[in-house]
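K.L.:
The following block contains a protein sequence and its predicted model.
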Amino acid sequence: IVVGSIPAAVIGLLFEEAFETRFASPRYAAAFLLVTALFLVMGERLLSGEKKLSSMTWFDAIFIGLFQMFALFPGVSRSGSTIAASLLRGLDRELAARYSFLMSIPVIAGAGLLGVLDLIEEGNLIAQLPSLIVVFLTAAVVGYACITFLLQWLKERSYYPFAIYCAAFGTLYLLADFLF
């Protein structure tokens, strides 16, 4: 998990400002929703392999980590890209989903730490601490519930509804942006 997190962490830190400017544009998010749809369809088409955790290699972790880097772009699903990469490396469907969600822990923790450091620099941390604690706890509970639901969903159902959702909203926004 740590090895798989290194590519996104390095690229994210080196090009932080460039990625932040992309997040300011809804057009980028809409276009990259189409990339997410592609990853999800690719993951569904690959279905799953037989590889278990004990058979994973360092190369598998780095390969999946490289796909996690795509999530630095707005609209690209980190879990969608890493699940597709895991399936491409032959992981079974359930392990691919679990590994993807576990890979999020270092990335989210690192981003949270950077956010706290920004608040410390601004001198607002103590004043905002009660709100931050409530938001953190709420996000943790809701996140856990969503991950539990999605892991159950992915055991028995297709990625296609999520792919259709991403493709539809990405396409609609881009059409509206182009026409208006």
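P.N.:
Nice, thanks for sending it over. Computed from a predicted model, the values in this text were never measured in an experiment.

K.L.:
This protein: helices as residue ranges?
P.N.:
For the chain, the helices defined by DSSP state H occupy 2-14, 16-23, 26-46, 58-68, 78-88, 93-122, 125-156, 160-179.

K.L.:
May I see the buried residues of the longest one?
P.N.:
What that stands for is helix 125-156. Neighbour-count burial for helix 125-156, counted by 16 or more other CB atoms under 10 Å, picks out 132, 147, 150, 154. For glycine as for every other residue, the C-beta is placed from the backbone atoms N, C-alpha and C.

K.L.:
so which of these comes closest to Leu117?
P.N.:
Comparing those against Leu117 with CB to CB picks out Leu132 as the nearest, at 13.1 Å.

K.L.:
rewinding a little: any idea which of the helices of the chain scores lowest on pLDDT?
P.N.:
For those, the stretch scoring lowest in mean pLDDT is helix 16-23; its value is a mean of 75.

K.L.:
measure Leu125 to Val116 for me?
P.N.:
Computed with CB to CB, to the nearest Å, the distance linking Leu125 and Val116 is 7 Å.

K.L.:
ditto for Leu172
P.N.:
In this structure, Leu172 lies at 36 Å from Val116, with CB to CB as the measure.

K.L.:
now Asp118: how far from Ala84?
P.N.:
To Ala84, Asp118 is 32 Å away according to CB to CB.

K.L.:
And for Tyr160?
P.N.:
When CB to CB is the yardstick, Tyr160 and Ala84 sit 13 Å from each other.

K.L.:
Those two: who's more crowded?
P.N.:
Ala84 (27 against 12; other CB atoms under 10 Å).

K.L.:
Would you agree the more buried one is in contact with Val35?
P.N.:
No - counting by CB atoms under 8 Å, Val35 is not a contact partner of Ala84; they are 10.7 Å apart.

K.L.:
In contact with the residue most central in space within the chain, which residues?
P.N.:
For the chain, the residue whose C-alpha lies nearest the mean C-alpha position (CA atoms, centre = their mean) is Arg78; its distance is 1.7 Å. Residues in contact with Arg78 (CB atoms under 8 Å, 6 or more residues apart in numbering) are 68, 71, 100, 103-104, 107.
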